[in-house]
Structures are given as C-alpha cells and as structure tokens.
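[1] For reference, the sequence and a predicted model appear below.
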There are 2 protein chains.
Amino acid sequence: MARKGVGVPVRSRGPAPSNVDLVAEALREAIITGRLQPGERIKEIPLAQQLEVSRGPIRDALRLLEHDGLLEIIPNRGAVVPEVHPIDVLEVYAMRASLGSLALHKLLLDERELPVRTLEKELRRFQRAVERRHAAEAADADLRYQSTIVASAGLRRVTADWERLTWQVRIFIATLHIRYDDSLAIMFEEIDALHSAIVRRQGADAERLWREKFERWVRDFVEQLDTGFDSELWAALTTGSSARPA
Amino acid sequence: MARKGVGVPVRSRGPAPSNVDLVAEALREAIITGRLQPGERIKEIPLAQQLEVSRGPIRDALRLLEHDGLLEIIPNRGAVVPEVHPIDVLEVYAMRASLGSLALHKLLLDERELPVRTLEKELRRFQRAVERRHAAEAADADLRYQSTIVASAGLRRVTADWERLTWQVRIFIATLHIRYDDSLAIMFEEIDALHSAIVRRQGADAERLWREKFERWVRDFVEQLDTGFDSELWAALTTGSSARPA
DNA sequence: TCGTACTTGATTGTTGACAATCTGCAAAAC
DNA sequence: GTTTTGCAGATTGTCAACAATCAAGTACGA
C-alpha cells in the first residue's frame, strides 16, 4: 500500500507521517517560499479539496502552524499569514541571541560530545554558498548550524522555542527580500570564528561571537526596512540578558 | 439564551468563550490543582461525555494544552500529563531568568509607563499571603507580579513564551509538593527589593535581583527533589546568558 | 517453558453533514 | 445625505458515524 500520492522515496525512519503532517509541511513550504503572502487568507474548504483531505486535518495543521508563528488564527475568521514589522525582527533576534547563548553555554560546560561532523558539514555548505553568491542557501546553512548547536545542548523547551523562532526567521527571509550579498564574506568569517571557538570549547569567546553575529544579522535586516535601525532599542534588547553588576 | 451550564456571572468583555476554551480551562484547572496526576492518560470520549461536547473541541483543546506544555500527545495513543524531572525545573527557571531579564531590560530602558498600580497590588497580595503563611497564594502573587512585568515590555513572543513557562511552574507547584514556608519571609524581601529597583528604574540592580530571585527559587525546588541541587549545572544555565567578555 | 503470530478490544484519526457566526451589501428610515 | 436595519452569502465551529491503528491477551508451535 503506497503512501498517499507522495512521489518521493519514503524514509523508513519513524512512523508514517500523518495527514496533519503532510498538510502542515505543504503550508510551511508555501509560506516560507513566499507563495502565500502576508495578509493572505487561507480558507479551509478550498485547501482541503486541493490537498484531498477533509477539513479535520486541515484545522489541526492550521493550529499547529499558528503555534509556530507561521499563521494567525482569528475566531470565526480563519487563518491569515501574519504581517512582519521591524519590531518583530528585533524581538526574534533578541530572543535568539538570548536563548541561543543559554544553550551554547550549557553545551560547552557539559561534558557532552560536540556534533562536530554535522557542524562542519553545514559550515562547508555555507562556504560553497558564499563562493556561488547564493545568499538563500547561505542563510539556510547558517540556520541549520545554529539549530544543531541548540539541539545538542539537550534542553527540550529551549530547542522547541528555538525551532519556532527559526520559522519566524524563514518568514523574514521570504517576505522582506533582504539583500545581504555584500555581507556574505563577512558572515562566513563570523561563523568560522564562532566555530573555532566552539570546537576549542572557548565558552566566553563563543558567546561573544554568537551575540555579535546576531547583532550583524539584525542590522542587515532592519537597515533595509522603512524605519531604519534603532540601535538603542537593539542595545536594550541584547544587553538586557547580559547585565554586568553595577 | 444562557451560556452553556456555566453558573458564574458572564463577563461582557470580548466574545463568548468557545467550547474549546471551556474544555481547555477545565483541563488546565484539573492539571494545576493536581487532580490529574502526571502519567495519567486522558481519553477523548469519556471527557467529551463528561463535559457534554463532542470530540472535536476536545481534540482542539488537547492540542492547545500540548502547546502550553501541560499535556503530551503521542500519535495514536492520546494525551498524558507529563512527568516532571529535576532537569525540567532547571530548564524552565533558566529560561525564565533569561527571557525575563530581556523583558525587564526593555521595559526599564523604554519610556513606557510602568504598571505600578498592578505591581503593587500583587506585592500586597504577596505580603498578606506571607502573614498568613499561605505559600500557594504567595507563589501565585509572585507569578502574577512577574507576568505583569513581562507583559508590560510589549514583546509579543517573549510574553507568549513566558506564559507557557508560567504553566510549567504551576505544574511544578502542583506535582512536586514543595514546602517553602521557611523561605516565605526571605522571598518577600527579595521581591520587595526588586520592586524598589524597578519603580526607581535602576535597571542593573533590578536585573541582578531578578536573577538572584530565580536562583533562590530553583534552589528551593531542586533541593527537595531526589537528585539534589546541581549548582554547577545551574551556574551553566544562568550565567550562560550573562557572559562577560574574557 | 519460551517465543512468536494471531486475534480482539479499545482508542485515536478521518470524514461529510449540519449549525452558528460573521462580513458585506442593499434598502429603508431619519 | 447619513445612519440603521435586515438579508444573503460565505466561512468557521460542532457533531456523530466510520476507518485505521495500536496494545494487550491468547493460542499455537518449537
């Protein structure tokens, strides 16, 4: 009995993906590629007909994506793709800086083994993307590198929240049309320096580089938006979790 | 037409709560009061009959609570109340320390007005609870004080994650049977000092007190558990987000 | 006696039909 | 001309029946 109309080879890992997973994945893909634009409304019945499932799994998937911040559900109105505002970018990156260094610190102080192979794989992916000036792929490699770090720390809730924030970043990339081709080389140097500090378990350096990296990203993002970069607000957000005793 | 079998006066604020809200609230109450114990399985059909709704809203509510960390849903197996382990307590409090000081810092650097009236109301509630040696009420006042702070910072995602973490704390309180009667007075001094620093907008002091407060709480919790307090792990978690440059 | 395959009962996943609610438009009243 | 009221259409919320799946218990064979 073949899987429902899925043409790709089936991975034998884990149980078969449910209809909810299939619908959720299709929607995620549509949102982060920008095929579904912010403000666009998603109606259950047409979507159900299109994906050939009933409304039940559709509703479950919509609520799942709402939870990940990919959709906004208004009672009796349905689901819409959320708009992105500069404050959202600041908030998401501030949270990533904060939660990420929490995970990073735990990872480096633990005796836990580092996932060096995976990290270096993503690092090489980043490097190849830079050589080809392929910004989207570089961003993807960067996100995967960071997710590997966070997941390895073994903190369930931090990892879950981190993945939610990662979806937000993917929305930013899809909808804000940021051009960071100029910064690609610099970004590689940053992640390379970070990687060196991590594999050498130089915790303080790694954390500093981690935070600096996020500051650069958020700067690249916000500078190209309408409002300009509010450096004071960003300072408020980033130093908020690294206060030094007075 | 009266609301479905709810005997309390109806608040006219906002739209009528949906069946999903009713079910979710009933479950939340059952979990944080400990009527539903960790490991206990929740079956959809009996619950639907008991609450006089169909399985649809039940399923929605179960998934909603899963998002808040109040339930764990296993495919084809249903929902169970999650077990609590010491590492969970550490993780939740580390995240609260981290996200909380993010919000606190933003709040104090903003020109935003502080919700002084609400804060002082909760502070008095805490004080009354201490006088009566009513630990549960004190804990509740403390949680509400913190939530007020975080919500006032105006960071949507931080606030949402914070509320999720607050549910986790309520589970801890319900299931771990912590006795903190001895520390109640000290805890009031701590929150009182924090409050003073906040209303005077002494950001650095406020943040330091904030973190110290969480360290005390987690210590109180974990010291009474099987494994004892792993101070090194806690240090790893809390200092992870306040690294000083080497 | 131990291990394996089958059967069975219980429980969740899915479906299509029905009910409640909301938005937008148009007509009537002021 | 402006506001209000009622209607119509569309869309989500809810429900009960059906299908798929899983865990445990049972019988069979080595």
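    Received the coordinates, thanks. What you are looking at is a predicted structure, and each value in this text was computed from that prediction instead of being measured.

[2] which residues touch residue A:137?
    Neighbouring residues of residue A:137 by C-beta atoms under 8 Å, 6 or more residues apart in numbering or on different chains: A:125, A:128-129. (Glycine included, C-beta is placed from N, CA and C.)

[3] please redo it, this time with the cut-off set to 10 Å
    By C-beta atoms under 10 Å, 6 or more residues apart in numbering or on different chains, the residues touching residue A:137 are A:125-126, A:128-130.

[4] How much space separates it from residue A:189?
    18 Å (C-beta to C-beta, to the nearest Å).

[5] Let me see the mean pLDDT of the helix ranked longest in chain A.
    What stands out as the longest helix in chain A, according to DSSP state H, is helix A:86-109. Across helix A:86-109, pLDDT averages out at 89.

[6] how about the next helix or strand after that helix: buried residues?
    Downstream of helix A:86-109, the first helix or strand assigned by DSSP states H and E is helix A:116-131. Neighbour-count burial for helix A:116-131, with 16 or more other C-beta atoms under 10 Å in any protein chain shown as criterion, is recorded at A:118-119, A:122-123, A:125-126, A:129-130.

[7] Could you dump the residues you listed into CSV and include distance to residue B:171?
    Converted to CSV, these look like this (distance: C-beta to C-beta, whole Å):
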residue, distance to residue B:171
A:118, 33
A:119, 34
A:122, 36
A:123, 39
A:125, 40
A:126, 40
A:129, 43
A:130, 46
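
[8] all helices of chain A, in order?
    Using DSSP H, helices in chain A cover A:19-32, A:44-51, A:55-67, A:86-109, A:116-131, A:135-152, A:156-176, A:184-199, A:203-223, A:231-238.

[9] quick one: contacts for the spatially most central residue of chain A?
    In chain A, the residue lying closest to the centroid (C-alpha atoms, centre = their mean) is residue A:166, at 1.7 Å. By C-beta under 10 Å, 6+ apart, the residues touching residue A:166 are A:68, A:92, A:96, A:143-144, A:146-147, A:150.

[10] What separation do you get for it and residue A:173?
    Distance, residue A:166 to residue A:173, by C-beta to C-beta: 11 Å.

[11] Now for these two: what residues contact both?
    With contacts taken as C-beta under 10 Å, 6+ apart, residue A:166 and residue A:173 have residue A:143 as neighbours in common.

[12] Pull up the per-residue confidence for the residue nearest to the centre of chain A.
    On the pLDDT scale, residue A:166 gets 97.

[13] swap in residue A:238?
    On pLDDT, residue A:238 comes in at 55.

[14] thinking residue A:65 is in contact with residue A:29, fair?
    No - in this structure, residue A:65 is not within contact of residue A:29 by C-beta atoms under 10 Å, at 11.3 Å.

[15] hmm, back to that, could you dump the contacts of residue A:166 to TSV with neighbour count and distance to residue B:108?
    Putting those into TSV (neighbours: other C-beta atoms under 10 Å in any protein chain shown; distance: C-beta to C-beta, whole Å) gives the following:
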residue	neighbour count	distance to residue B:108
A:68	19	30
A:92	26	21
A:96	25	22
A:143	18	32
A:144	17	36
A:146	24	29
A:147	18	32
A:150	25	28
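
[16] just the residues you listed now: which is nearest chain B?
    Set against chain B, the nearest of the contacts of residue A:166 by C-beta to the nearest C-beta is residue A:92 (6.7 Å).

[17] got the contact list for the closest residue to the closest one other than its chain neighbours?
    Spatial nearest neighbour of residue A:92, chain neighbours left out: residue A:168 (4.7 Å); criterion: C-beta to C-beta, 6 or more residues apart in numbering or on different chains. Applying C-beta under 10 Å, 6+ apart to residue A:168 gives the contacts A:68-70, A:82, A:84, A:88-89, A:91-93, A:95-96, B:157.

[18] Could you give the number of residues near the residue lying closest to residue A:153 once chain neighbours are set aside?
    Excluding the flanking residues, the one nearest residue A:153 by C-beta to C-beta, 6+ apart is residue A:103, at 3.8 Å. Residues lying near residue A:103 (other C-beta atoms under 10 Å in any protein chain shown) number 25.

[19] Just to check, residue A:103 is in contact with residue A:163?
    No - the criterion here is C-beta under 10 Å, and residue A:103 misses it with residue A:163 at 11.9 Å.

[20] which neighbours do those two share?
    What both residue A:103 and residue A:163 touch, as defined by C-beta under 10 Å, 6+ apart, is the set A:150-151.

[21] quick one: residue A:68 and residue A:162 touch, right?
    No - Residue A:68 is beyond contact range of residue A:162, at 11.6 Å (criterion: C-beta under 10 Å).

[22] Can you list the low-confidence ranges for chain A?
    Scanning chain A for pLDDT under 70 picks out A:1-16, A:180-181, A:220-246.

[23] Name the residues of it found near DNA strand C, please.
    A:18-20, A:53-57, A:60, A:76-77 (C-beta under 7 Å from any atom of the strand).

[24] Which one of the contacts of residue A:166 is nearest to residue A:205?
    residue A:146 (16.7 Å; C-beta to C-beta).

[25] Contacts only, for that closest one.
    Contacts here follow C-beta under 10 Å, 6+ apart; on that basis residue A:146 touches A:96, A:100, A:103-104, A:122, A:162, A:165-166, A:169, A:191, A:194, A:210, A:213-214.
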